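Enquirer: Structure of the sequence below:
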Amino acid sequence: MFAAKRDREDRRRDEPKRRERAATHHSLKQADPNALQLIKIIGEGSEGSCELHQRIGDGKLVVCKKAHIIRKNMIQGNTPREVKILRDTLRPHDRIINLISYTFDKKCDELHTYYDYCAGGDLQSYLYPDTGSSEAFIWHVFRQMAEALAYLHTGYARSDPNKSGKMPHSWRPVVHCDSKPDNIFLRTPRSAENLTPDIVLGDFGLAVIGGDKDGTEAACYQPPEFPYNTPAGDVWALGALIHRMGHGEVPVEFKMPKRYRGDDLDWLTDPCSKRVKPLPFCYSEALSRNMLDCLKLRADERVGAYDLLRHIRRDDLGRG
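Expert: Below you'll find the model as predicted:
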């Protein structure tokens, strides 16, 4: 008798929770199949946040980036520049993040962009201070990032019938301006079964078409010609990434000289702060040479993205 009474009391106490679960289940069944459920917040910063959502209709995982448009030149007409580049300028490409949809509230300048989810996270998660990556992984990142930049700068894509690398007649180069490890994503996690997952370049919030004097690259990856944004600056950033993967540090001297006139940020953006070193002897000469071709101090002496891709394919295949 006492057990039955306790059971009735337990059911009565749990009834509100059961009703809530039933109501939630009913609302999901009736909801728009394209509606999204928040799974978790991936990251937050001063300029916005990044969230992981699941689409109700098919369970597809989608990343929502919420950002405030902080400069008016990031809007063209009524459309944010990032959206115009990904939606109108670029075609789908294996090395470029896929924009699914977006919403833009012009009153408060808040942009929500929705992208395919890359389960492997960003490349920064696989880099460690003062520690180099394996040569195979560096070649893999180098080649696939060169594919991304060759497409952005020249319109070249492996699937195109035009294999010459010549820029299509109507192509206007897209300069990413922010190709640091935090904005490079792995489609799937690295594992013993898959040490080289596909690489995807994302976050086009600072990208420009053609180039301009509006330098925005992260200080550690800024080219010597800062503040000019050009395709050569993207190539420098890729070389700096490979330098980071081989040496465990970017090609920058962080310690400001005592007699330097300026603050820390002035020093980091000064060409004199660049400290480029060949890769350690444990890496191949070909890998070091290709990296150094990206890190020429003069932009006009730096290798172009398409030629870089050709050289990497030749030398990486030659290793085997």
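
Enquirer: Tell me where the model's unsure across the stretch 51-200 of the chain.
Expert: 70-77, 158-169 (pLDDT under 70).

Enquirer: got the residue ranges for the strands in it?
Expert: For the stretch 51-200 of the chain, the strands defined by DSSP state E, counting those that start in this stretch occupy 61-68, 75-76, 79-80, 99-105, 110-116, 174-175, 184-186, 199-201.

Enquirer: Turn those into JSON lines, columns for mean neighbour count.
Expert: Glycine gets a C-beta too; all of them are placed from N, C-alpha and C. Shown next, in JSON lines, are those (neighbours: other Cβ atoms under 10 Å):
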{"stretch": "strand 61-68", "mean neighbour count": "18"}
{"stretch": "strand 75-76", "mean neighbour count": "16"}
{"stretch": "strand 79-80", "mean neighbour count": "19"}
{"stretch": "strand 99-105", "mean neighbour count": "15"}
{"stretch": "strand 110-116", "mean neighbour count": "19"}
{"stretch": "strand 174-175", "mean neighbour count": "24"}
{"stretch": "strand 184-186", "mean neighbour count": "24"}
{"stretch": "strand 199-201", "mean neighbour count": "24"}
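
Enquirer: quick one: buried residues of stretch 178-191?
Expert: Asp178, Ser179, Lys180, Pro181, Asn183, Ile184, Phe185, Leu186 (16 or more other Cβ atoms under 10 Å).

Enquirer: how far away is the closest residue to the last one other than its chain neighbours from Gly202?
Expert: Pointing back at Leu186 there. With Cβ to Cβ, 6 or more residues apart in numbering as the criterion, Leu186 has its nearest non-adjacent residue at 2.7 Å, and that residue is Gly120. To Gly202, Gly120 is 12 Å away according to Cβ to Cβ, to the nearest Å.

Enquirer: Need the overlap of contacts for the two.
Expert: Phe185 (Cβ atoms under 8 Å, 6 or more residues apart in numbering).

Enquirer: who has more neighbours, those two?
Expert: Gly202 (24 against 20; other Cβ atoms under 10 Å).

Enquirer: Report the separation between the more buried one and Gln37.
Expert: In this view, Gly202 and Gln37 are 22 Å apart by Cβ to Cβ.

Enquirer: Which residue ranges of the protein form helices?
Expert: 2-30, 81-83, 135-154, 231-247, 264-268, 285-294, 305-319 (DSSP state H).

Enquirer: Worst mean pLDDT among those?
Expert: For these, mean pLDDT drops lowest on helix 2-30, to a mean of 50.

Enquirer: Tally up the residues packed near Gly48, please.
Expert: The tally of other residues near Gly48 (other Cβ under 10 Å) stands at 17.

Enquirer: what residues are up against it?
Expert: Contacts of Gly48 (Cβ under 8 Å, 6+ apart): Lys65, Lys66, Ala67, His68.
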